[in-house]
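**Q** Next input, structure requested:
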Amino acid sequence: MHLPPNEAPLCDRSAVELVAAMRNGSVAAGDVVAAHLDRIAALDPALVAWITVDREAARTTAAALDALPATRRGPLHGLPVGVKDLIDTAGPVTTQGSILYADRLAARDDLVVTRLRAAGAVILGKTNTPEFGMGAICSNRICGPTRNPFDLALTSGGSSGGSAVAVATGMAAAALGTDFGGSVRTPSSFCGTVAIRPTPGRLPSPTRALGADTTATQGVMGRGVDDCFLLLDALVGPHPHDPTSAIVDRPAVAAPRVAVSVDLGVAPVAAAVRARFAEAVDVLEAVLGPLVRAAPDCTGAVEAFKTIRAAHVHHAYGSLADRFGDRLTPTVAWNIAAGAGLSAAAYLAAEAQRTTLRRRFADFFTEHDLLITPAAAVLPWPNADGEVTAIDGLPLGDVLDYLAITFVVSLTGHPVLALPAPQGGHALPFGLQIVARPGEEETLRRLGHRLEAAGFCHRAPPFLVPRPPPIL
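**A** So this is what the prediction gives:
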């Protein structure tokens, strides 16, 4: 296929633009997939965003899609997508970032993958994640670390860092991630992408062991607001085996009342992030008018999250520690040990504290429609430094504390849009998380469009920008 003059390379076009072109037949899915596979071949040896790339299956799927008549082309027809390797696929292998599962082929696709395929997406492969999604560095004993395309020495963030880098560099037009404590929001902030942590249950998980819990959810990542919603809209819908998936949709708020908080009153936040957030708030006020400095009372949220998370991790992975403890990464071993011996009384007290927090958020959102905070408490740091144990030289209580700005929101069941702030003259991107009421993704979409037009948008990393030839 020959592109008309001055058109962007296929890998740099938006997901919305690509799907429209493939559905009307002006661009072939085979060409789009080939372009993305070529970019993976060119960039991923340096970036390590992928654990597995399923080239032959992607080409075969694209060819089959090109043979479909226009009337059978789905809402994601031909779209090249990356899937975080915590999410089951019947092919390629699903390793969960662990050498224990390096050759594991899941018995069936996760529901969200089934819906991806039914909508016409092409799964390029599985993106990198720390072992079982635990760790600030997107690295494991299979591959990694995933490198930040704005500075190859720095982290992409955990634990959906592979998906964020694949999207930021055009190796995938969009990607799936997961988010327990901030795992789509933090990498999006570090890599300058857009992400949505939807209302829990909007992307159902019918095989999840703790079906009624809403702490963790799958999320979507793209280079623009419309790209993320294109993916999300194609994948949503209730499932009878997920009791959280019956969500009441709320209409968009036309003139939202917006509050901002740099730390929710409880989160440790680096001075550099406080400065970047202040800059972003200045731009926000130029666009939206005066904003209220306020946050819900989050007292007790940090302790509640740590207890709930420890219980969940030990429930899911405790038997692996008993059988394969010496083969687990130290971060995973620490996370599992944190839940050992946890009493029912302690767990229920944490759940009661979560209930109190949710009621406080509900009260807060009677007076405000949106809450904006940083999407990460720190800027990207060197992969070589490992876990975050201090901020601005002040020791943290443990390796989870730097995530408090995001994990507090995970406790509440509210949807979040992660959006890049204007980068200005800064070398590294920085993102915001915009929190809405449960079921109000449409309010996030509308504000996202408005802010994106004002410069809160993805910027191509320097890794992709051609350098001028040297002057001889």
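
**Q** In this structure, mark out all the helices, start to finish.
**A** Applying DSSP state H to the chain gives helices spanning 15-23, 29-47, 55-66, 111-118, 161-168, 185-191, 225-235, 271-288, 301-324, 330-338, 344-367, 404-410, 441-453.

**Q** helices and strands around the fifth one, which ones?
**A** In this structure, helix 161-168 makes packing contacts with strand 50-53, strand 80-84, strand 122-127, strand 174-179, helix 185-191, strand 217-222, judged by 3 or more Cβ pairs under 8 Å, 6 or more residues apart in numbering; DSSP states H and E. From N, CA and C alone the C-beta is placed, and that goes for glycine too.

**Q** what angle do the second one and helix 225-235 make?
**A** The reference is to strand 80-84. If you take axes from the mean of the first three to the mean of the last three Cα atoms, to 10 degrees, strand 80-84 sits at 70 degrees to helix 225-235.

**Q** Would you mind giving the orientation angle of strand 80-84 with respect to helix 55-66?
**A** Going by the same axes, to 10 degrees, strand 80-84 makes 130 degrees with helix 55-66.

**Q** so how far is strand 80-84 off the chain centroid?
**A** Distance of strand 80-84 from its chain centroid, counting by Cα atoms, centre = their mean, to the nearest Å, is 12 Å.

**Q** Name the surrounding residues that touch it.
**A** 32-33, 36, 49-50, 58, 89, 113, 116, 121-127, 129, 159-160, 162-163, 166-167, 171-178, 231 (Cβ atoms under 8 Å, 6 or more residues apart in numbering).

**Q** strands paired with it, and their directions?
**A** strand 122-127 (parallel), strand 174-179 (parallel) (DSSP bridges).

**Q** What does the pLDDT read for P470?
**A** At P470, the model reports a pLDDT of 54.

**Q** picking that back up, I'd like the helices and strands packed on helix 161-168 as a markdown table, with mean neighbour count appended.
**A** Below are these laid out as a markdown table (neighbours: other Cβ atoms under 10 Å):
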| stretch | mean neighbour count |
| --- | --- |
| strand 50-53 | 22 |
| strand 80-84 | 31 |
| strand 122-127 | 28 |
| strand 174-179 | 29 |
| helix 185-191 | 35 |
| strand 217-222 | 28 |
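
**Q** so how far is G161 from the residue nearest the centre of the chain?
**A** With distances taken as Cα atoms, centre = their mean, V184 lies nearest the centre of the chain, 1.9 Å away. Using Cβ to Cβ, to the nearest Å, one gets 10 Å for the distance from V184 to G161.

**Q** With P422 instead?
**A** P422 sits at a distance of 23 Å from G161 (criterion: Cβ to Cβ).

**Q** the more surrounded of these two?
**A** Higher neighbour count among P422 and G161: G161, with 37 against 19, using other Cβ atoms under 10 Å.

**Q** Report the contact partners of that one.
**A** 49, 128-129, 138, 146, 155, 187, 190-191.

**Q** OK, contacts around the closest residue to it other than its chain neighbours?
**A** Of all residues not flanking G161 in the chain, C138 sits nearest, at 3.1 Å (Cβ to Cβ, 6 or more residues apart in numbering). C138 is in contact with 128-130, 144-146, 155-162, 187, counting by Cβ under 8 Å, 6+ apart.

**Q** Of those - the most surrounded one?
**A** Counting neighbours by other Cβ under 10 Å, the top entry in the contacts of C138 is S160, with 39 neighbours.

**Q** That residue against T129, yeah?
**A** Yes - between S160 and T129 there is a contact at 6.8 Å, judged by Cβ atoms under 8 Å.

**Q** List phi and psi for A28.
**A** Dihedral angles of A28 (phi, psi; degrees, to the nearest 10) stand at phi -90, psi 140.

**Q** Kindly tell me how buried it is, as a neighbour count.
**A** Neighbour tally, A28, other Cβ under 10 Å: 17.

**Q** And for R293?
**A** Around R293 there are 9 residues (other Cβ under 10 Å).

**Q** partner residues bridging it?
**A** V260.

**Q** my read: it touches L264, true?
**A** No - the pair R293 and L264 fails to qualify as a contact (Cβ under 8 Å) at a distance of 11.9 Å.

**Q** Please consider this matter closed, and thank you.
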